[in-house]
Each structure stands twice: as structure tokens, then as C-alpha cells.
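In: sequence below, structure please.
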Amino acid sequence: MTPRRPAVSLRAASAAFVLGALCVLGFAPFGAYFAAYLAVSPAPTLALGGLFLLWRKASTPREAMLLGLAWGAGCFLFGVSWIYVSLSQFGGMAPPAAAGATLLFCLYLALFPALAGGLFLRWRRNTSRDVLLFAGLWTLAEWLRGALFTGFPWLAVGYSQSPPSPLAGWASVLGVYGVGFIVALIGGLVGLMSATGWRRPAAWLSIIALLGLGGLLSRMDWTQAAGAPVSVSLLQGNVPQSLKWDPKRLPLSVDTYLSLAKAHPATLTVLPETALPLFFNEVPREVLRGLTGHGSALIGVAVSTTGGGYTNGAVALTPELGAHAYAKRHLVPFGEYAPPGFAWFFRFAHIPMSDFTAGPPRQEPLNIAGQRIAPNICYEDLFGEELLGALPTATLLVNLSNTAWFGDSLAQPQHLQIAQLRAIETGRVMLRATNTGMTAMVGPDGAIMAALPPFTAAALVVQAQGRTGLTPYARWGNLLALLIAAGACLTALRRKAQSL
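Out: Next up is the predicted model:
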């Protein structure tokens with residue numbers, strides 16, 4: 001009997017896995033090493049170019065799907081391995097269970113490049129336009145990953161092109177998915193030339209044009225300064241996650257933030273997500289007065305609701321102790337709530353305050369310290385389109401996070417890189433106050449203007465300039481990028497095209 005041919009060769013699958021892992025080198029903190037010599041982070045482009053070549057050589061949609069799955073497994077197992085830290089070290093889950101949960105989650109994320117691969121093989125025409133099909137399908141798959149089942153767009157390839165990459169300029173028009181489309185398009189062109197010859201003037205001109213236009217867009221001022229800058233003190237308490245929720249250690253959190261606020265006065269003092277492990281109505285008034293001794297404060301704290309639940313809140317507090325709050329809208333599955341049918345998960349993971357109520361989808365910016373501030377809490381800033389509802393009213397964006405859940409891992413620099421793209425997309429300063437890092441101020445051009453070293457108890461005092469106006473992305477959201485991706489696919493599917 002003739003042995004059955006495997007659906008995909010071990011050599012090809014291994015190459016796809018290595019290429020996926022290589023892509024992670026394009027993201028923070030590794031991308032900074034390339035930025036010292038090259039403006040563009042090349043790893044994602046090369047990783048996607050290699051995947052394009054593997055898909056071109058595949059003979060069936062099933063083979064391409066398996067190659068996409070292997071590529072995604074390499075990318076996500078290396079890039080979001082910090083999920084294991086969260087589940088095991090801080091969630092109390094047994095290491096084998098935490099490893100299994102992390103593996104399953106990463107394989108779920110890998111299904112999206114697998115889907116793109118299967119469709120690529122089914123629809124390809126073996127023409128030069130296959131590059132457009134590749135980039136379009138890649139972008140649509142990334143967008144779907146960021147939307148399905150509440151979404152998880154972490155490591156979308158557009159994030160790898162934060163400043164100084166000239167491709168970052170495209171984010172103000174097309175958003176992170178549009179930047180990802182351009183990265184995939186350049187990767188496909190590089191892969192095409194490596195397979196068919198480097199003497200392709202049209203391909204080279206396309207790459208140069210995309211880089212040059214991105215650089216020009218980086219110089220555009222889509223928004224305008226509004227009023228005088230405001231002094232802001234961003235507090236980083238560095239309270240260990242293992243001690244934060246211990247009732248006996250409550251004075252540690254309170255005293256840490258009171259001391260930092262008093263030592264670093266500013267018109268606005270910002271505390272990170274759930275900085276005070278209490279409900280807001282339980283915080284002693286003398287503590288609130290201490291935090292507002294020099295001005296207003298924005299405090300990350302749980303807020304009780306009238307229905308008996310509680311929200312993950314950002315409370316704006318004036319020196320007169322007048323308060324109004326923002327309630328986190330986009331909750332973290334398995335961390336802040338249990339999806340239907342998954343209540344059993346919390347029998348294995350011991351996560352405090354894991355049954356939050358989501359805030360309403362539309363919430364007005366908070367008027368505080370002479371600014372109109374649009375807060376977002378923790379990983380809400382992954383969803384760029386969801387932040388646009390506060391514009392053009394909001395003058396500043398403020399992210400409150402507690403990334404202590406992920407220890408000393410890739411999560412912190414990756415999250416700061418995400419904030420850089422959000423600042424470009426909205427044309428606003430993004431302020432970040434975190435428990436352990438990365439506490440920073442990001443300018444409207446995506447540049448990191450100031451940052452604290454992680455895992456230190458300190459305050460970052462900055463002058464933040466409010467801004468008004470709208471970028472093209474703020475007007476249209478992801479629509480333009482999705483239309484371009486869909487248009488690229490339709491163009492590639494036209495039958496009359498030059499053969500490879």
C-alpha cells in the first residue's frame with residue numbers, strides 16, 4: 001500500500017512556524033534595535049513575504065491553511081506567551097492547566113492566518129495580482145480577529161510600524177489595519193520578486209511610493225493645539241500584584257499613591273487601573289483629599305452600580321470632591337467576566353473582582369482640569385475604532401492600566417506600542433498611568449515623549465497639550481482600510497492579468 005502523503009510537509013510547516021516567530025521581532029521591545037539602523041521594522045515584512053512564498057507553493061487550500069496555522073502558532077506562542085504568566089503566577093492556575101489554556105488560546109488566534117491561507121489558495125489566479133489578494137485577505141483576517149468574540153487584535157502587524165517607521169504615517173488615514181495592509185503588500189511584493197526576479201520596476205516603485213507617502217503623512221498636522229498645556233502627574237505605584245488584593249496590605253497601596261501624589265504635585269494627578277483596591281464609596285475622604293491636595297485627580301477604582309454590581313471605573317475628582325466617572329465598556333473575557341458557558345473557568349483561576357459590569361457604549365469625555373478627557377482602561381486601547389466616539393470633543397486620551405498581571409514580560413512594551421498607534425490615529429496626546437509600567441506620554445505623532453522605567457515606584461510629571469480636530473481615520477474609522485482590502489481582493493480576482 002502506498003503511504004498516504006501528509007497534508008503538509010514537516011519542512012514547510014517548520015519554516016512557517018519559524019517565520020511566525022520571526023514576525024515578533026518586529027514588535028516592541030525588539031523593533032527598537034532595528035530602528036537604530038533602519039527606520040522600517042523589517043521582520044514582519046520578511047515574515048509575511050516568506051508566508052506568501054509558502055502559500056504560492058502549496059497545492060491545496062488545506063495545505064495553505066495548515067501553513068497559516070503553523071505561522072500563527074509561531075507568532076502567538078512567542079508573542080503573547082505572557083498570558084501564561086497571568087494565569088499561572090497571578091491567576092493561581094496550576095502550571096499544566098495554564099500552559100494548556102495558553103496553547104489553546106494561541107492556536108485559536110492562529111486560525112485567522114489559517115483562514116486567510118485557505119481562501120488564498122482557493123481564489124489565487126497565479127498572476128502578479130496574487131500579491132493584492134494576499135494583502136487583502138491578510139488584512140480582513142486581522143480585522144476579523146479583532147472583532148469576533150469581542151476581539152483580540154494584539155500583534156496586528158500594523159503595530160510593528162510605530163515611529164520612526166515612515167509607514168506609521170498611514171495610521172492617521174487608514175488606522176492600524178491599513179498599516180497592516182501596506183506591510184503585507186510590501187511583504188508580498190518582496191516575496192514575489194524573490195521568486196520571479198528582482199528586476200520588477202513596478203514593484204520597487206510601489207514600495208518606494210508607499211514608504212514616501214507614509215513619510216509625508218507623518219508630517220501632516222491633522223489636529224490643532226487647544227488652550228494652554230496642563231501639568232499632569234502620572235503615578236506608577238509598583239504595588240506587587242500578589243499583595244494588592246490582600247486586605248492586610250491595603251495601607252501599602254493607599255500610602256504609596258498618597259506619597260507619590262504629595263511629592264509630585266500637578267494640576268491633574270492620574271492613578272492607574274484599580275489603583276485603590278476598594279470600591280469608590282469605601283475610600284476614606286481624607287485619602288481623596290490627599291489625592292486632590294494640589295488639583296484634580298483621575299483615579300482608577302471599582303465603582304458600585306445601583307443594581308448591585310460594579311464597574312471598572314475611572315473617577316474624575318475635583319478638589320471640592322465633586323466626582324463623575326467613566327465605566328469600562330470593553331471587558332476582558334475570563335479576566336473581568338465569564339462568557340456564557342465558561343463560569344467553570346474561575347474554579348481553576350482565582351482572579352479577584354472578575355465579575356464586572358460593562359459601562360454603556362457611548363460615554364461623554366470627563367471635564368476635568370480644564371480638559372475634556374477620554375479615559376480608556378487597560379486593553380480597551382486595542383480597539384481604536386471604539387475610542388473615536390469621544391471625538392472630536394475629547395482633547396486628551398488617558399489610559400489607565402494594571403499590567404502587573406503580566407509580570408516582566410513582552411506585554412508591557414507591546415502595550416505602549418499600541419498606544420503609539422492610537423495617538424497617531426486620533427491626533428491626540430495619549431497619557432498612560434500604569435501600576436508597574438509602561439507609564440508614559442505619547443505625542444500626537446506617536447513619539448514617546450517621556451516614560452518611566454518599569455517596576456519602579458515613581459511619578460512622571462509632564463505638560464500635556466490638549467488638541468482639537470479630526471484625522472481622516474477619526475472620521476471614517478476602519479471603513480477605508482476594509483474597503484481597500486476588499487477592493488484589493490476583487491481586483492486580484494479579475495481574470496485578465498499578467499501571468500507570473
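
In: all contacts plus neighbour counts: C-alpha atoms, from now on.
Out: OK.

In: what's the closest non-adjacent residue to G477?
Out: The shortest distance from G477 to any non-neighbouring residue, by C-alpha to C-alpha, 6 or more residues apart in numbering, is to E385 (5.5 Å).

In: residues in contact with the one you found?
Out: For E385, the contact set (C-alpha atoms under 8 Å, 6 or more residues apart in numbering) comprises A474, G477, N478.

In: let me know the pLDDT of it.
Out: Predicted confidence (pLDDT) at E385: the value is 96.

In: and it, backbone torsions?
Out: Backbone torsions of E385, given as degrees, to the nearest 10, read phi -70, psi -30.

In: go on, G446?
Out: For G446, the backbone dihedrals are phi 90, psi 0 (criterion: degrees, to the nearest 10).

In: so who does the residue lying closest to it once chain neighbours are set aside touch?
Out: Distances taken as C-alpha to C-alpha, 6+ apart put Q420 closest to G446, at 4.4 Å, once the chain neighbours are dropped. The contact partners of Q420, by C-alpha under 8 Å, 6+ apart, come to S162, P163, M430, V442, G443, D445, G446, A447, I448.

In: element containing Q420, please.
Out: Using DSSP states H and E, Q420 sits within helix 411-426.

In: now M449
Out: Taking DSSP H and E as the criterion, M449 maps to strand 448-451.

In: the helix or strand following that strand pairs with which strands, parallel or anti?
Out: Using DSSP H and E, the next helix or strand after strand 448-451 towards the C-terminus is strand 458-464. According to DSSP bridges, strand 458-464 forms sheet pairs with strand 230-236 (antiparallel).

In: show me how far the strand it pairs with is from its chain's centre.
Out: From the chain centre to the centre of strand 230-236 is a distance of 22 Å (C-alpha atoms, centre = their mean, to the nearest Å).

In: which outside residues touch it?
Out: Here strand 230-236 makes contact (C-alpha under 8 Å, 6+ apart) with 257, 260-261, 264-272, 369-370, 431-437, 439-440, 456-466.

In: alpha carbons only: can I get that strand in CSV?
Out: Extracted as CSV, the C-alpha positions of strand 230-236 are listed here (Å, rounded to 0.1, in the frame of the first residue of the first chain):
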residue,chain,number,x,y,z
VAL,A,230,-1.8,71.2,31.6
SER,A,231,0.6,69.7,34.1
VAL,A,232,-0.2,66.1,34.8
SER,A,233,1.4,63.7,37.3
LEU,A,234,1.1,60.1,36.2
LEU,A,235,1.6,57.8,39.2
GLN,A,236,3.2,54.4,39.0
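
In: what comes up buried for it?
Out: Neighbour counts over strand 230-236 (16 or more other C-alpha atoms under 10 Å) mark V230, S231, V232, S233, L234, L235, Q236 as buried.

In: which among those gets closest to A7?
Out: Nearest to A7 out of the buried residues of strand 230-236 is Q236 (C-alpha to C-alpha; 51.1 Å).

In: can you tell me the closest non-neighbouring residue to that closest one?
Out: Computed as C-alpha to C-alpha, 6+ apart, the closest residue to Q236 that is not its neighbour in sequence is N435, at 4.9 Å.

In: with L480 instead?
Out: Closest residue in space to L480, ignoring its immediate chain neighbours: L174 at 6.1 Å, by C-alpha to C-alpha, 6+ apart.

In: could you check the distance from the one you found over to L421?
Out: As judged by C-alpha to C-alpha, to the nearest Å, L174 and L421 stand 11 Å apart.

In: and W198, by the same measure?
Out: In this view, W198 and L421 are 32 Å apart by C-alpha to C-alpha.

In: neighbour count for those two, which is higher?
Out: Higher neighbour count among W198 and L421: L421, with 33 against 14, using other C-alpha atoms under 10 Å.

In: same list, the buried residues of strand 230-236, but as CSV with pLDDT and distance to R125 please.
Out: Compiled in CSV, those are given as follows (pLDDT from 0 to 100; distance: C-alpha to C-alpha, whole Å):
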residue, pLDDT, distance to R125
V230, 97, 56
S231, 98, 58
V232, 98, 56
S233, 98, 57
L234, 98, 54
L235, 98, 56
Q236, 97, 54
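
In: E282: which of these is nearest?
Out: For the buried residues of strand 230-236, the nearest to E282 is L235 (21.0 Å; C-alpha to C-alpha).

In: before we move on, the earlier item: so which of the contacts of strand 230-236 belong to helices?
Out: Applying DSSP state H to the contacts of strand 230-236, the entries found in helices are Y257, L260, A261.

In: right, and the second one touches A458 too?
Out: Yes: with contacts counted by C-alpha atoms under 8 Å, L260 reaches A458, the gap being 6.8 Å.

In: re earlier: just the buried residues of the contacts of strand 230-236.
Out: Burial by neighbour count, 16+ other C-alpha under 10 Å: within the contacts of strand 230-236 this picks out 257, 260-261, 264-272, 369, 431-437, 439-440, 457-462, 464-466.

In: and G158, how many neighbours?
Out: Residue crowding around G158 was assessed by other C-alpha under 10 Å; the count is 27.

In: could you check the pLDDT of V18?
Out: Listed pLDDT for V18 reads 97.

In: gap between it and F134?
Out: 19 Å.

In: in the top helix by length along the chain, which residues are buried?
Out: In the chain, ranked by residue count with DSSP H as the criterion, the top helix is helix 95-123. For helix 95-123, burial by neighbour count (16+ other C-alpha under 10 Å) applies to 98-99, 101-103, 105-107, 109-121.

In: try stretch 150-159
Out: Neighbour-count burial for stretch 150-159 [16+ other C-alpha under 10 Å]: G151, F152, P153, W154, L155, A156, V157, G158, Y159.

In: for that stretch, give the mean pLDDT please.
Out: Across stretch 150-159, pLDDT averages out at 96.

In: on the pLDDT front, check F345 for me.
Out: 59.

In: and if you look at P61?
Out: You'll see P61 listed with a pLDDT of 95.

In: any idea how far the residue nearest to it when sequence neighbours are not counted is from V462?
Out: Spatial nearest neighbour of P61, chain neighbours left out: G118 (4.4 Å); criterion: C-alpha to C-alpha, 6+ apart. G118 sits 49 Å away from V462, going by C-alpha to C-alpha.

In: ok, G313 next?
Out: 23 Å.

In: name the nearest residue to G169, ignoring sequence neighbours.
Out: Closest residue in space to G169, ignoring its immediate chain neighbours: S218 at 4.0 Å, by C-alpha to C-alpha, 6+ apart.
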